[in-house]
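[1] Need a 3D model of the sequence below.
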Amino acid sequence: MQLIRDGQPLSLGQQLHLTFSLSIPAILASVSAVVMQFIDAAMVGQLGADDSASVGLMGTTAWLFEGVLTSFAAGYAVQVAHLLGAKRAADARQLVRQALVVCLIFSLLMAGLGLILCFKLPVWLGAEPHIRHNATIYFGTFMLFVPFFMLDIVASSMLRSSGNMRVPSALNILMCVLDVIFNFFLIFPTRQITVLGHSMNMPGAGLGVMGAALGTASAGLIISLLMLYHLAYRSNELRLTLDHGSFKPVWASFKKAVNISTPMGVQHIMMCSASIVITGIVAPLGSIALAANSFGITAESLCYMSGYGIADAATTLVGQSLGARRKRLTRSFAWITVLSGMVIMGLLAILMYVFSPELMGFMSPVQEVVELGTRCLRVEAWAEPLFAAAIIGYGVFAGAGYTLVPCGINLVSMWIVRLGLSAIMVTSMGLYGVWMAMAIELCFRGTVYLLWLSSKRWMKTVID
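    Predicted structure coming up:
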């Protein structure tokens, strides 16, 4: 990273080494998060299809809120990466202070909005009456802890912008482990279990769906405090103890953050809204289809979360390279990260295709859910390489602060291609038609990203 800032040449081997040095911890964190979600889904799946459906129903909306928080924090994190690339570490630390205050206020507003909506959302999504209560409990509990999730998002994004992938990755892995441990005791009632041939009494709260939400929230609370501590006291470049500064927000920085994050936030809201609409399309198909859709998304994420890990590295590399005004190196890092992600996700897609029955069977004991989910996963596997191009391409553009055009690409692709095809194909093919529409749309989106990446328009970012 120092070579980038100092304007020193980097060979292809050094660029590859740096790319994978940053990507691997982020990939491990992303994949471990999915594995833990996988186990989490399996735990809820043991309660039955209805409880699984209530969690799956609200999962997309929870993702919507989390994505808006992430987009808002990214407006500051991208600026920090640019400042560090320009060797302005003191200004970067000042920006971190402002970001903590502004993002925390924003998260409180979002939490209030979520709590207001949690009672009506299951009805608006067309859920069957007997799963609405648990869906409301799950989402409402999640929203209560949103400010802590925001602290984790801000602190981890700042650390990643400085090139520190290891600490955020390690702490996010720990969060997943804590989530599973908490869920183990909170979801299920006190029961007898057998370990190595010995029977023992295992205590449990028996909270069901609420236990799943509390487990995730409790893990997030603990990790957010640890992440914030590392940012404020341990980071080599960004720890706030290096100097004194004001936490009062500055209008110029806020305005620039809003300009970067608004297209990201809008596109995430619209993308998730489209996913919610698709959930509404799936919901009338019944609990089996809803559970298969939810578990299928969790299983598919074993493939695409590795792409998000590489996208985090791409954002950091592109951001710091542009901050150092090295556009040729920026373009090189862009293609290295995108092509690497396409290869990795393509290999994972082969494994997903082969082992999709086992993946679905691990999460649900209901044979109808397993069979339907397997068919959906296998059609989706064909789209994963181009999905990688879209995921990592977006990370490249975000690192450049170039977010408006990618927002437009995503919205057109999601709302016109995927929703249009889903509405048509669900009538004759059910859930399988919805997933086929998804696969077609992801191939379209990835192709557009590759074409736009090949141009040089996205590198015209001017750094103050």
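[2] going forward, measure contacts between C-alpha atoms and count neighbours the same way
    Will do.
[3] Give me the pLDDT value at G433.
    For G433, the model assigns a pLDDT of 93.
[4] which other residues reach the host helix or strand of it?
    Using DSSP states H and E, G433 sits in helix 431-453. Applying CA atoms under 8 Å, 6 or more residues apart in numbering, the contact partners of helix 431-453 are 278, 282, 285, 289, 293, 372, 375-377, 379-384, 386-390, 393-394, 406, 409-410, 413-414, 417-419, 421-423, 425-426.
[5] Just the ones of the residues you listed in helices?
    Among those, the subset assigned to helices under DSSP state H consists of 278, 282, 289, 293, 372, 375-377, 379-380, 384, 386-390, 393-394, 406, 409-410, 419, 421-423, 425-426.
[6] buried set for stretch 87-104?
    87, 89-90, 92-100, 102-104 (16 or more other CA atoms under 10 Å).
[7] Next: stretch 140-152.
    140-152.
[8] Same check on stretch 419-436?
    Burial within stretch 419-436, assessed by neighbour count using 16+ other CA under 10 Å, is assigned to 419, 421-423, 425-426, 430-436.
[9] So for stretch 391-405, what gets flagged as buried?
    By 16+ other CA under 10 Å, the buried positions in stretch 391-405 come out as 391-404.
[10] go on, stretch 440-452?
    I440, E441, L442, C443, F444, R445, G446, T447, V448, Y449, L450, W452.
[11] least confident pick among these?
    Lowest pLDDT of the buried residues of stretch 440-452: W452, 92.
[12] how far away is that residue from A389?
    Between W452 and A389 the computed distance is 11 Å (CA to CA, to the nearest Å).
[13] got it, and A252?
    For A252, the distance to A389 - CA to CA - is 33 Å.
[14] Neighbour count for the two, which is higher?
    A389 (31 against 9; other CA atoms under 10 Å).
[15] so that one sits right up against S340, yeah?
    No: taking contacts as CA atoms under 8 Å, A389 lies outside contact range of S340: 9.5 Å.
[16] can you count the residues close to K120?
    With other CA under 10 Å as criterion, K120 counts 11.
[17] Next up, phi/psi of it, please.
    When read as degrees, to the nearest 10, the backbone of K120 gives phi -100, psi -20.
[18] From here on, call the first residue 33.
    Happy to do that; since the first residue is 33 now, the last one works out to K152.
[19] Give me the pLDDT value at it.
    In this model, K152 carries a pLDDT of 88.
[20] how close does it get to G88?
    Per CA to CA, K152 is found 16 Å from G88.
[21] Equivalent analysis for V76, please.
    10 Å.
[22] now do L317
    Shown here: L317 relative to G88, a distance of 14 Å by CA to CA.
[23] Just want to know which of those two has more residues nearby.
    G88 (22 against 13).
[24] residue contacts, that one?
    Per CA under 8 Å, 6+ apart, neighbours of G88: L322, A323, S326, F327.
[25] for V437, same thing?
    Here V437 is in contact with no residue (CA under 8 Å, 6+ apart).
[26] Which pLDDT does the model give it?
    Among the per-residue scores, V437 holds a pLDDT of 88.
[27] so where's this protein shaky on pLDDT?
    Within the chain, the set of residues satisfying pLDDT under 70 comprises 65-73, 92, 492-496.
[28] From the chain's centre, how far out is the helix holding G465? Work that out for me.
    Between the centre of helix 463-485 and the centre of its chain there are 18 Å (CA atoms, centre = their mean, to the nearest Å).
[29] ok, now stretch 110-122?
    24 Å.
[30] again, but for stretch 403-411
    Taking mean C-alpha positions (CA atoms, centre = their mean), stretch 403-411 and its chain are 23 Å apart.
[31] can I assume V314 is in contact with L322?
    Yes: in this structure, V314 is within contact of L322 by CA under 8 Å, at 6.2 Å.
[32] which of those two has more neighbours?
    The neighbour comparison of V314 against L322 (other CA under 10 Å) goes to L322, with 29 against 25.
[33] how much space between the more buried one and F171?
    17 Å.
[34] Would you enumerate the residues in contact with the residue lying closest to F429 once chain neighbours are set aside?
    Closest residue to F429 apart from its sequence neighbours, by CA to CA, 6 or more residues apart in numbering: T435 at 6.2 Å. Contact analysis of T435 by CA under 8 Å, 6+ apart lists I292, S293, P295, M296, F429.
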